[in-house]
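Peer 1: Here is a sequence together with a model predicted from it:
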Amino acid sequence: MTPKLIAIAGGTGTIGSWIVRALHNSPLYKPIILSRANDTNKPNTSATTAIPADTDPATKETYEIETRYVDYTSLPSLTASLSGIHTVISALLIPSEKMVDYQVNLLNASIAAGVRRFAPSEFALSQEVHKQVDIDYAKIVVWDAVRAAVKRDNIDAAAFPCGMFMNYLAVGTSTDVAGERRRKRALAGFSEGALMFHPRPAPGEGGTPWVEVPLTPDGDFPDITMTDIRDIGRFVVAALGLEEPWGGRELGMAGETRNLREIIGIMQEVLGEEVEVRTVTREELQKRLDALDQSDILPRIDVQYTMACGQGGSVIKGVLNELCPEVKPVSIREFMEEAWGK
């Protein structure tokens, strides 16, 4: 059987590269990376990109993946680049108005090229929660365009929310070489700063593990869905095998959903020490947000995501967990033991 060609826009990024790895490991599919053209690689040219088989520094194996260089501003050029592609998965990360233009162009080019399925860049919270985060307005606009295309029967499509990245639990510092290697492997290329979880702060940051807990409206600890970035690729590949239409649905994936109090308990057991709990109300977070300028994009995102988590906004229904039971995602305890276990 000839493998189906699956194009991953942003296939060299953190999430995109794990989708590429999962596709490469399946005999049913062949990944094609879509990358923005540059001075060296002109639009509608191709080359190969070496993707490390793993982010473990000790792993030297790489995958040679075909890369097609594209011009996201040119619909004809983009359409030509999608020749023979069965499904387009977007993992683009462009925090600006270009996010809308690039992805809508990618959607329209997919339709023009006869692509069967399309997935916009999601891999975070649900569509409803995007309204609570400034920068996520682009995802709402793109999803509206995608659903309209599905309604017209132009293409099949789905969004893939996953909740909070479990990899936040590996952000910190390790005191020995072996521990640092485990931590980096657990990060899986994730390079964002800490958010809510501070399992091993740097000495200059106090050194004591702590968690910021956004309280629910009734003053309790919220439930949170967390998914390892590495499992996102496995879920996406499983979704490609579904015979039923994606149907313009949110095909959510959930590594594990637990109450934040339980997660803190797991942290304490694995770390072998007390974890400080710093509760914060929505009102306090709103004051923090009001003190930030609109240009403080990343700090505003952190506050708004924390607020969303306090309202249960990170909880994702595991639709793919039910449809694809063969995928066994990493649990929070398993992840913590990989990153920090003795």
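Peer 2: Arrived safely.
Peer 1: For the rest of this, base every contact and every neighbour count on C-alpha atoms.
Peer 2: Fine.
Peer 1: Which element, helix or strand, includes the closest residue to D302 other than its chain neighbours?
Peer 2: Using CA to CA, 6 or more residues apart in numbering and skipping residues adjacent in sequence, the residue nearest D302 is L195, 6.7 Å away. Using DSSP states H and E, L195 sits within no helix or strand.
Peer 1: Just give me the neighbour total for L195.
Peer 2: For L195, the count of nearby residues is 16 (other CA atoms under 10 Å).
Peer 1: can you check H198 too?
Peer 2: Applying other CA under 10 Å, we find 24 residues neighbouring H198.
Peer 1: For it, give its distance to A188.
Peer 2: For H198, the distance to A188 equals 17 Å [CA to CA, to the nearest Å].
Peer 1: same thing with H130?
Peer 2: 25 Å.
Peer 1: G16 too?
Peer 2: 12 Å.
Peer 1: Looking only at neighbour counts, state which of these two leads.
Peer 2: Between G16 and A188, counted using other CA under 10 Å, the more crowded position is G16 (23 against 20).
Peer 1: ok, now which ones touch the more buried one?
Peer 2: Contact analysis of G16 by CA atoms under 8 Å, 6 or more residues apart in numbering lists I8, A9, G10, S90, A91, L92, G233.
Peer 1: Mind doing that once more with 6 Å?
Peer 2: Neighbouring residues of G16 by CA atoms under 6 Å, 6 or more residues apart in numbering: G10, A91.
Peer 1: does I6 really touch T87, like I thought?
Peer 2: Yes - contact criterion CA atoms under 6 Å: I6 and T87 qualify, at 5.0 Å.
Peer 1: start to end distance for stretch 238-248?
Peer 2: This stretch, stretch 238-248, spans 17 Å end to end (CA to CA).
Peer 1: Could you list the residues in contact with it?
Peer 2: With contact meaning CA under 6 Å, 6+ apart, stretch 238-248 is reached by R147, D156, A157, A158.
Peer 1: Stretch 172-191 now?
Peer 2: T14, T55, D56, N167, A170, R200, P201, A202, A339.
Peer 1: Repeat that for stretch 77-89.
Peer 2: 5-8, 44, 70, 109, 113, 115-119.
Peer 1: same thing with stretch 26-43?
Peer 2: 3-9, 11, 20, 23, 66-71.
Peer 1: So, low pLDDT: which residues of this protein?
Peer 2: 57, 94-96, 204-206 (pLDDT under 70).
Peer 1: For it, which segments count as helices?
Peer 2: Secondary structure of the chain (DSSP state H): helices at 14-24, 75-81, 98-113, 137-151, 177-187, 229-240, 260-271, 282-290, 297-310, 319-323, 332-340.
Peer 1: So which of the contacts of stretch 26-43 wins on neighbours?
Peer 2: Ranked by the number of neighbours (other CA under 10 Å), the contacts of stretch 26-43 place V20 first, at 29 neighbours.
Peer 1: Now the most centrally placed residue in the chain. Nearest residue, chain neighbours left out?
Peer 2: In the chain, the C-alpha nearest the mean C-alpha coordinate belongs to F123, at 3.8 Å (CA atoms, centre = their mean). Nearest residue to F123 in three dimensions, chain neighbours excluded: P161, at 4.5 Å (CA to CA, 6+ apart).
Peer 1: so who does the one you found touch?
Peer 2: E122, F123, A124, L125, S126, G252 are the contacts of P161 under CA under 6 Å, 6+ apart.
Peer 1: Repeat the analysis, applying 10 Å as the threshold.
Peer 2: By CA atoms under 10 Å, 6 or more residues apart in numbering, P161 lies in contact with 121-127, 227, 232, 250-254, 314-319.
Peer 1: and it, how far is that from T87?
Peer 2: 18 Å.
Peer 1: Got the domain ranges for the protein?
Peer 2: According to the TED database, the chain comprises the domains 4-161+229-250, 164-227+255-316+323-340.
Peer 1: from memory P299 sits against A194, does it?
Peer 2: No - with contact defined as CA atoms under 10 Å, P299 does not reach A194; the gap is 11.3 Å.
Peer 1: So for I51, which of the helices of the chain sits nearest?
Peer 2: Closest of the helices of the chain to I51 is helix 14-24, at 7.2 Å (criterion: CA to CA).
Peer 1: and the angle for the closest one with helix 229-240?
Peer 2: 50 degrees (axes from the mean of the first three to the mean of the last three CA atoms, to 10 degrees).
Peer 1: Could you list the buried residues of helix 14-24?
Peer 2: Buried residues in helix 14-24, counting neighbours by 16 or more other CA atoms under 10 Å, are found at T14, I15, G16, S17, W18, I19, V20, R21, A22, L23, H24.
Peer 1: and that helix, how far from the chain's centre?
Peer 2: The chain centre lies 11 Å from the centre of helix 14-24; the measure is CA atoms, centre = their mean, to the nearest Å.
Peer 1: One more: stretch 229-240?
Peer 2: Centroid displacement of stretch 229-240 relative to its chain, using CA atoms, centre = their mean, is 11 Å.
Peer 1: The residue lying closest to V277 once chain neighbours are set aside: how many residues sit nearby?
Peer 2: Nearest non-adjacent residue to V277, counting by CA to CA, 6+ apart: V211, 5.3 Å away. For V211, the neighbour count with other CA under 10 Å is 19.
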